[in-house]
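>>> okay, sequence plus prediction incoming.
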Amino acid sequence: MNLIILIFSLFIIFMGLAMFRNFVSKDKTNTSFSIIVICRNEAKNLPDLFNCLNKIDYPLYEIILVDDASQDDTLKMIKEFSSHNRKAKYIHLQTKSEILKGKKAGLQAAAEIAKYEFLLFLDADCLPPANWLHSMNKFTDKKTGMVIGYSPEIGVSSFRYYTRMMSAAIYAVTAGMGIPFSCSGGNLAVNKKAFFAVDGYKSIGQYQAGDDKLLLKLINRTSYKVRYNPRVAVYTKPQVEHFSQQQKRRYGKFAMSTPFYQILSILVFCFYIFLPIQLIANFSYFIFGIYFSSTLFFLFAFLVTHREKFKPEYALFNLIYPYYLIFHTIRGSLGKWKWKS
């Protein structure tokens, strides 16, 4: 078992190195973007979102806001914003689709009227920075099918912030290895040609969630490249009322993963189940030191590439997080979850 721990530690170091892969495109021209935001009962979040959108600094873009059958003042606020921002337009979906579930009907409808090269997906509770499009532009070219972005939460505990960092770390590492695992739908650029080459969401419309992960799988099967942008974060407001269901949705997508990642996940889970048993039964400072050092290297690789600051508690979280991940993955995969609305 000690040999397995050493091999796994080397694998963690290798993953950390993959985080440094440079995805910046050599194409220096300005890509045009269609920012798409799906809004369902988001009246409380829209003022902050609109404030950020008004500050976007980029020459070629449009904003498409979709009211997804809201029951509050969302539609009214969208109309008012669109009347004052000449780059904005909106779509009103009066009922929820039974064919394209979740956000997919709205995303599909917006993509079909988008006039620019790349679709830039954003959630209504996100706060995009003014230089967001300039940053995404550095990672796009005609061969790029998708650019995965980083989307941490604001105003949350250190551990909750850390879990978002580790999710992003997995996205960055797997993209760096050429086998992208998943992405965040709140900071995601998709080549419009690649989107329609896979028929958008039409083949995956039956899934309530997972529009980001499933679309990534479809595009990754094409000749288009998947890139990762660690340079600019799009912060998102935390869910408080529906946090438990959110965790089930986020981690409970085991069935949506490829067979390769399903097998790999099972092997990793088995390792972490037997790791404490081995360390207790045959403790070795050397073996534990090698393993712990590898997790610290992985953490610092993320902090450096994503320009995040180190907090001492992150070192402890390195030991706890795998079991948090296992718990919510099993919980989300075996139990049913509910959408927030």
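Structure received.

>>> any chance you could list what contacts the host helix or strand of Leu119?
Here Leu119, judged by DSSP states H and E, is contained in strand 118-123. Strand 118-123 is contacted by residues 31-38, 61, 107, 110-111, 128, 133, 136, 140, 147, 185-192, 195, 212, 234, 236 when judged by C-beta atoms under 8 Å, 6 or more residues apart in numbering. Where you see a C-beta, it was placed from the backbone N, CA and C, and this is true even at glycine.

>>> same thing but 6 Å
With C-beta atoms under 6 Å, 6 or more residues apart in numbering as the test, strand 118-123 has contacts from 31, 33-37, 111, 140, 185-186, 188-192.

>>> and for stretch 15-24?
Here stretch 15-24 has contacts from 138-139, 172-173, 176-177, 227-228, 297-298, 301, 305, using C-beta under 6 Å, 6+ apart.

>>> would you mind listing where the stretch 101-250 of the chain has pLDDT under the threshold?
Scanning the stretch 101-250 of the chain with the threshold set as pLDDT under 70 gives 240-250.

>>> quick one, what contacts the residue nearest the centre of the chain?
What sits nearest the mean C-alpha location of the chain, by C-alpha atoms, centre = their mean, is Ser184, with 1.5 Å. Taking C-beta under 6 Å, 6+ apart as the criterion, Ser184 is in contact with Ser151.

>>> recalculate using a threshold of 10 Å.
121, 123, 126, 148-152, 164, 167-168, 171, 212-213, 234, 236, 250 (C-beta atoms under 10 Å, 6 or more residues apart in numbering).

>>> now name the helix or strand holding the closest residue to Phe297 other than its chain neighbours.
Sequence neighbours aside, Gly16 is the residue nearest to Phe297 in space, at 4.9 Å (criterion: C-beta to C-beta, 6 or more residues apart in numbering). If you go by DSSP H and E, Gly16 is part of helix 2-18.

>>> now the next helix or strand after that helix, how far from the centre of its chain.
Later in the chain than helix 2-18, the nearest helix or strand by DSSP H and E is strand 33-39. Counting by C-alpha atoms, centre = their mean, to the nearest Å, strand 33-39 is centred 16 Å from the centre of its parent chain.

>>> equivalent analysis for stretch 10-29, please.
Taking mean C-alpha positions (C-alpha atoms, centre = their mean), stretch 10-29 and its chain are 17 Å apart.

>>> just the buried residues of it, please?
By 16 or more other C-beta atoms under 10 Å, the buried positions in stretch 10-29 come out as 12-13, 15-16, 18-19, 21, 23, 25.

>>> which residue ranges of the protein form helices?
Assignment of helices within the chain using DSSP state H yields the ranges 2-18, 46-54, 74-84, 104-113, 132-137, 158-176, 192-197, 211-220, 243-251, 259-281, 285-306, 313-334.

>>> and the ones you listed, which is most packed in?
Highest mean neighbour count of the helices of the chain: helix 132-137, a mean of 23 (counted as mean count of other C-beta atoms under 10 Å).

>>> can I get it in CSV? Just the C-alpha atoms.
What follows is helix 132-137, C-alpha atoms only, in CSV (Å, rounded to 0.1, in the frame of the first residue of the first chain):
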residue,chain,number,x,y,z
TRP,A,132,-13.8,39.7,-19.0
LEU,A,133,-14.1,39.7,-22.8
HIS,A,134,-10.5,40.9,-23.3
SER,A,135,-9.3,38.0,-21.3
MET,A,136,-11.5,35.4,-23.1
ASN,A,137,-10.3,36.9,-26.4
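
>>> on contacts alone, who are the packing partners of it?
Contact here means 3 or more C-beta pairs under 10 Å, 6 or more residues apart in numbering; DSSP states H and E; on that basis helix 132-137 packs against strand 33-39, strand 61-68, strand 118-123, strand 144-150, strand 188-191, strand 225-233.

>>> which residues does that helix contact?
By C-beta under 10 Å, 6+ apart, the residues outside helix 132-137 that reach it are 25, 27-33, 35, 52-53, 55-61, 118, 120, 122, 126, 128-129, 131, 147, 149, 187-189, 227, 229-234.
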